[in-house]
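Trainee: what follows is a predicted structure for the sequence shown.
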Amino acid sequence: MFIGGTETTSRAIEFALAHMIDKPDILKKAQQELDLIVGESNIVEESNIKDLPYLHAIMKEVIRLHPSLPLLFPHSPSESCVIGGYTVPKDKPDILKKAQQELDLIVGESNIVEESNIKDLPYLHAIMKEVLRLHPSLPLLFPHSPSESCVIGGYTVPKERFLGHKSDYNESEFIYFPFGSGRRICPGTMMAERVFMYLLSSLVHSFDWRSGEGEKIKLSEKFQTVLRKKEPLMAIPTPRLCRSFMYE
Ligand code: HEM
């Protein structure tokens, strides 16, 4: 609960800020929305959050791209049972454990995964193929946000795909499940989204952000208990609100 309640959300906010610094036009658009809704002589209040659709779309896109728990939690039934025609045996070998054994063998416990390891991970490839077979609409999840709307595998992927996206955790839709799905969905979802929105909005409304002189923002990931940025974000804030007492 402690890790779930803190690391997940703070790591996601770090990714969001990094993406926005990397794409200043997106940062500017989010600030325009905040200036319109919150104004330049107020600070963000929790009640503003529901009126920030652009920032909401950014949150979803970032949590989709960098899900804090990419493999979800492993579940196995205490008694054998049949679900949707499939028999799920009791104490079924844990998929996550098997995947981790493969990674320990190929990558080792004192290294992190490198791109060159990917071709040597047959078990993880098999999982991905099975997931794609079961959920053919999943390719939607993999292309990163396109710079222009495009059609992939017959699906139109809009440029800002979560803008105006209403149905969030609909199991039949299955296009967005960084919080898991169904009865075991993350119980902290609502809190995570509120904290994320409140903190990111406050940071972006109160400050302009840029990377250090000559430094390029890096967005690569490191897989630990919670997914994080490989290199911590180094960013320089500049106050952008007119009244200095708002920073006290
Ligand atoms: C960006 C933020 C977060 C993400 C992406 C996230 C994601 C997840 C995922 C994928 C699961 C596993 C679901 C499954 O078993 O299928 C989970 C479980 C859980 N999360 Fe979160 N989480 C976040 C924030 C939080 C927060 C803020 C809290 C608490 C305040 C929290 C508490 C929990 C707990 C207690 C579980 C275990 C539930 C169970 O086993 O039934 N999470 N979370």
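Mentor: Looks like it came in fine.
Trainee: who's Cys81 bridged to?
Mentor: Judged by DSSP bridges, the bridge partners of Cys81 are Val88.
Trainee: now do the same for it: its pLDDT.
Mentor: Confidence at Cys81, expressed as pLDDT, is 75.
Trainee: cool, Gly182 as well?
Mentor: Per-residue confidence (pLDDT) for Gly182: 72.
Trainee: that one and Val62, how far apart?
Mentor: Separation of Gly182 from Val62 (Cβ to Cβ, to the nearest Å): 23 Å. Every residue, glycine included, has its C-beta placed from N, CA and C.
Trainee: ok, the two, which is more surrounded?
Mentor: Set side by side, Gly182 and Val62 show more neighbours around Val62, with 24 against 8, by other Cβ atoms under 10 Å.
Trainee: what sits against the more buried one?
Mentor: 12, 15-16, 19 (Cβ atoms under 8 Å, 6 or more residues apart in numbering).
Trainee: ok, Arg194 touching Ser47?
Mentor: No - counting by Cβ atoms under 8 Å, Arg194 does not reach Ser47; the two are 11.3 Å apart.
Trainee: neighbour count for the two, which is higher?
Mentor: More crowded of Arg194 and Ser47, by other Cβ under 10 Å: Arg194, with 13 against 7.
Trainee: where does the more buried one land in three-state SS?
Mentor: When classified by DSSP: H, G, I helix; E, B strand; the rest coil, Arg194 comes out as helix.
Trainee: how about the nearest residue to it, chain neighbours excluded?
Mentor: Ile49 (6.7 Å; Cβ to Cβ, 6 or more residues apart in numbering).
Trainee: in CSV, list the C-alpha atoms belonging to whichever strand or helix holds Glu7.
Mentor: Applying DSSP states H and E as the criterion places Glu7 in helix 2-22. Taking C-alpha atoms only, helix 2-22 is exported to CSV below (Å, rounded to 0.1, in the frame of the first residue of the first chain):
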residue,chain,number,x,y,z
PHE,A,2,2.9,2.3,0.8
ILE,A,3,4.7,1.8,-2.5
GLY,A,4,1.4,1.7,-4.4
GLY,A,5,0.3,5.0,-2.8
THR,A,6,3.5,7.0,-3.4
GLU,A,7,6.1,5.7,-5.9
THR,A,8,3.6,4.9,-8.6
THR,A,9,2.1,8.3,-8.9
SER,A,10,5.3,10.3,-8.3
ARG,A,11,7.2,8.3,-11.0
ALA,A,12,4.3,8.9,-13.4
ILE,A,13,4.3,12.6,-12.7
GLU,A,14,8.1,12.7,-13.4
PHE,A,15,7.5,11.0,-16.8
ALA,A,16,4.7,13.5,-17.6
LEU,A,17,6.9,16.5,-16.8
ALA,A,18,9.7,15.1,-18.9
HIS,A,19,7.4,14.5,-21.9
MET,A,20,6.1,18.1,-21.6
ILE,A,21,9.6,19.6,-21.4
ASP,A,22,10.6,17.5,-24.4
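Trainee: Ile26 belongs to a helix?
Mentor: Yes - membership of Ile26 in a helix is supported by three-state DSSP.
Trainee: quick one, what contacts it?
Mentor: Counting by Cβ under 8 Å, 6+ apart, Ile26 touches 19-20, 58.
Trainee: the ligand: which of those is nearest?
Mentor: Ile58 (13.3 Å; Cβ to the nearest ligand atom).
Trainee: ok and the helix or strand where the closest one lies relative to helix 2-22, angle-wise?
Mentor: Assigned by DSSP H and E, Ile58 belongs to helix 53-65. Helix 53-65 and helix 2-22 meet at an angle of 120 degrees, taking axes from the mean of the first three to the mean of the last three Cα atoms, to 10 degrees as the criterion.
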